[in-house]
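Visitor: give me the fold of what follows.
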Amino acid sequence: MTDTLTSEPTTDVRTLKLFVGGAWIDSTADQHLESRDPGSGELLARVPLGGAADVDAAVRAAREAQRAWRRTAPQVRARALYRLRDVLDRHRDELAALVVADMGKTFDDALAEVGRGIESVEAAMGGTHHLKGQNLEGIGTGVDVELHRQPVGVVAAITPFNFPVMIPLWFLPFALVTGNAFILKPSEQDPLASERIVELVGQVDEIPAGLVSLVHGAKDAVNAILDHPGIDAVSFVGSATTARYVATRATEQGKRVQALGGAKNAMIVMPDADPKLTASQIVGSAFGAAGQRCMAGSLAVLVGTQEEQDRSLQLIVDAASKLTSGPGSDRATDVCPVINAGSRERLVAEIDAAERDGIEVVVDGRTADAGAGGANLGATVLDGVPADHRVATEELFGPVLGVIRVATLDDAIEFANASRYGNSTILFSESGGAAREFRYSADAGMLGVNVGVAAPIAWMPFGGWNDSIDADLSANGEDGFRFYTRQKVVTTRWGGTSAAAAGGGMRF
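Guide: Got it, this is the predicted structure:
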C-alpha cells in the first residue's frame, strides 16, 4: 500500500484544512494525498496538496500579525511560551498517539519524541536573556555604540515525516519568542500531529491570531515558500539532496536558511567496549523508529582482530534477533513499520542488491510479516560491507545496519571521516585515551561516547557538518535565537555635550 493521489473524495474521511489568520479554512488544492496508518493501513485523512495561493494567504496573515507581535515585550512573549508548554504537557499522550497512528512509531518512542519537543519550548522560554544586546560607551569623544537583536519577520519551517512533533517544536517556540510570525508546512505523509500542535497553540490567548499558520502540500508548497517575497527565513529538515535544493533556491531569493540534511552515522566498537551496554545501545540506535532518524547509527565499525570483531558482531546479532517487528500500536513491538509500503519495497531492493554483491545477511528483516499496512520490515544486519558500497555510503533510512571491519581506532575514524556526511559519530569504549582521541579527531557535529543516539538536549545546538547541513546556524540552543534575529548596530552622539560643543570628533 503506497501513498495515493486523489482529486475527488472516495470516502467520508475528513479533508485537512489550513490554519490561517486564526481560523481553519479550505485549501485551494485540487489534488489530495491519502494519509494512512503504516501499521494497519487505515485511511486517516485526505491531505490537500496546496501551492502558491495557500502559502500567500498564510503570509499575508502572518505579516499583519507580526507587526504587533514584534512590539510585544520580550518577557510577555516568553510568558506565552510558558502557557504553551503547559498546554502541550497536558496533551503528551494525545500527541504521542497521533504519532503512532500517522507515522507508525511505538508509543514509548513517540512519547519520548513529544518530550523532546516540549524541551525545545522550555529552552526557548529563556529568550529574554538571549535577546539582550551589547553596548560600549566612549568609543570616540561623546560617542557610544550599541548592538540590538531584532526579529527577522515572517519565517517558515518545512519539516519531515520522521519526527512530526519534535521537529516543528525545534523551530516554532524560538521563532515566536524572538518576535517573528511562523508558518509550518509539515510532511504531507503524516501531518496530523502538527495539526494538533497548531490547534493547541490556538488555546494560548497570549499568542495572537494569525501569528502561527499551517499549510499543507508537497513540492509546489515548498517552492511557494522558497519563492515568496514575504517570507524572510526558512528552516528545513530532510534529505541532503533536498536540503541543498532548499538552501540554494531560498538564498537565491535573499532568504536566510538553515537546512539540515541527511546522515550516515558510524558507531565505532572497540574491543574493550562494555558488552551489554554496547549491544543495547547499537540496536536501539539502528532499529528504533525503524531506523528512520537522522541520528540513527546505520553502520557498526568493529575494531580489532577478527576474533574480537566476531565477538562484537555476535553481541549485535543476538540482540537484533530478539527484536519484534509490528505495528506501533502494539506495546510488544520493538521495530515499528517504515512510513509506507513503498519505503519497505525500496529497502528490500537495497538488501537484495547487497546480497547479490556478496554481502552476508546475518539478520534478515525481509522475513518479517509486512503487516496490514504492508510497511513492516524487521531488523536487518549486513556483514562484510565494503567501504565504498552503497550500504556504507548512502542513507538508506530504514532498519538496516551495515557492518564494517577495521584493525585500529585510527582506521575507524578515517573511515567515518571519509563520509560526505558529518551528522553524528559514536564510540563505544572504556578507554579514556581512545575517547579523547575520538573526540579530537572525529569530523561530525554531534559525537557520542557509549550512547547510541547522541542527540543534544534543546539547550545545545543540533546540527551536523558537511553534507548534513546547508547553513551556518543549527537548530536549538543559542543558534536558534541567532537564526531568528538580525543584529542592528547603532552608533550615537548626542548634541549639546561638552565634547561635541568643543568640536571634538571620534578618536579611534
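Visitor: what helix or strand is residue 249 on?
Guide: helix 240-252 (DSSP states H and E).
Visitor: tell me where the model's unsure across the protein.
Guide: 1-11, 496-508 (pLDDT under 70).
Visitor: I'd like the next helix or strand past the helix holding residue 249.
Guide: With DSSP H and E, the next secondary element past helix 240-252 is strand 256-260.
Visitor: what's next to that next one, contact-wise?
Guide: Strand 256-260 is contacted by residues 152, 232-238, 243-244, 246-247, 250-251, 294, 462-464, 468-471, 473-475, 479, 483 when judged by Cβ atoms under 8 Å, 6 or more residues apart in numbering. Where C-beta positions appear, they are placed from N, C-alpha and C, glycine not excepted.
Visitor: narrow these to those in strands?
Guide: Among those, the residues falling in strands (DSSP state E) are 233, 234, 235, 236, 237, 469, 470.
Visitor: quick check, the first one in contact with residue 255.
Guide: By that I understand residue 233. Yes. The criterion here is Cβ atoms under 8 Å, and residue 233 meets it with residue 255 at 5.9 Å.
Visitor: ok so, going back, out of the contacts of strand 256-260, which end up buried?
Guide: 152, 232-238, 243, 246-247, 250-251, 294, 462-464, 468-471, 473-475, 479, 483 (16 or more other Cβ atoms under 10 Å).
Visitor: which residues touch stretch 331-340?
Guide: So stretch 331-340 is contacted by 1-3, 36, 38-39, 103-107, 109, 161-162, 189-190, 287, 289-290, 292, 323-328, 344, 347, 365, 368, 371, 373-379, 398-399 (Cβ under 8 Å, 6+ apart).
Visitor: hmm, residue 479 is touching residue 460, no?
Guide: No. Under the criterion of Cβ under 8 Å, residue 479 makes no contact with residue 460, lying 9.1 Å away.
Visitor: pull up the gap between the closest residue in space to residue 103 that isn't next to it in sequence and residue 337, please.
Guide: Spatial nearest neighbour of residue 103, chain neighbours left out: residue 190 (4.4 Å); criterion: Cβ to Cβ, 6 or more residues apart in numbering. Taking Cβ to Cβ, to the nearest Å as the measure, residue 190 falls 12 Å from residue 337.
Visitor: strands of the stretch 401-508 of the chain, start to end?
Guide: 421-422, 424-428, 446-449, 465-466, 469-470, 485-493 (DSSP state E, counting those that start in this stretch).
Visitor: do the stretch 151-300 of the chain as well
Guide: Under DSSP E, counting those that start in this stretch, the stretch 151-300 of the chain gives strands at 154-158, 181-185, 212-214, 233-237, 256-260, 265-269, 297-303.
Visitor: okay if I get those as CSV plus distance to residue 446?
Guide: CSV is the format used below for the strands of the stretch 151-300 of the chain (distance: least, Cβ to Cβ, whole Å):
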stretch, distance to residue 446
strand 154-158, 20
strand 181-185, 25
strand 212-214, 29
strand 233-237, 14
strand 256-260, 11
strand 265-269, 9
strand 297-303, 12
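Visitor: closest to residue 225 out of those strands?
Guide: Closest to residue 225 of the strands of the stretch 151-300 of the chain is strand 154-158 (Cβ to Cβ; 4.8 Å).
Visitor: run through who's touching that closest one.
Guide: Residues from elsewhere that reach strand 154-158 (Cβ under 8 Å, 6+ apart): 59, 62-63, 66, 167-168, 171-172, 175, 180-185, 222, 225, 230-238, 246, 484.
Visitor: need the buried ones from the residues you listed selected in PyMOL.
Guide: Buried subset of these, written as a PyMOL selection, criterion 16+ other Cβ under 10 Å:
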select buried, resi 59+62+66+167+168+171+172+175+180+181+182+183+184+185+222+225+230+231+232+233+234+235+236+237+238+246+484
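Visitor: neighbours around residue 330, how many?
Guide: 15 (other Cβ atoms under 10 Å).
Visitor: quick check: it is in a strand.
Guide: No. Read with DSSP: H, G, I helix; E, B strand; the rest coil, residue 330 is coil and lies in no strand.
Visitor: contacting residues for it?
Guide: residue 39.
Visitor: which residue sits closest to residue 122 in space, ignoring its chain neighbours?
Guide: residue 85 (6.1 Å).
Visitor: what's the distance between that neighbour and residue 48?
Guide: Residue 85 is 30 Å from residue 48, by Cβ to Cβ.
Visitor: among these two, which residue is more densely surrounded?
Guide: residue 48 (25 against 19).
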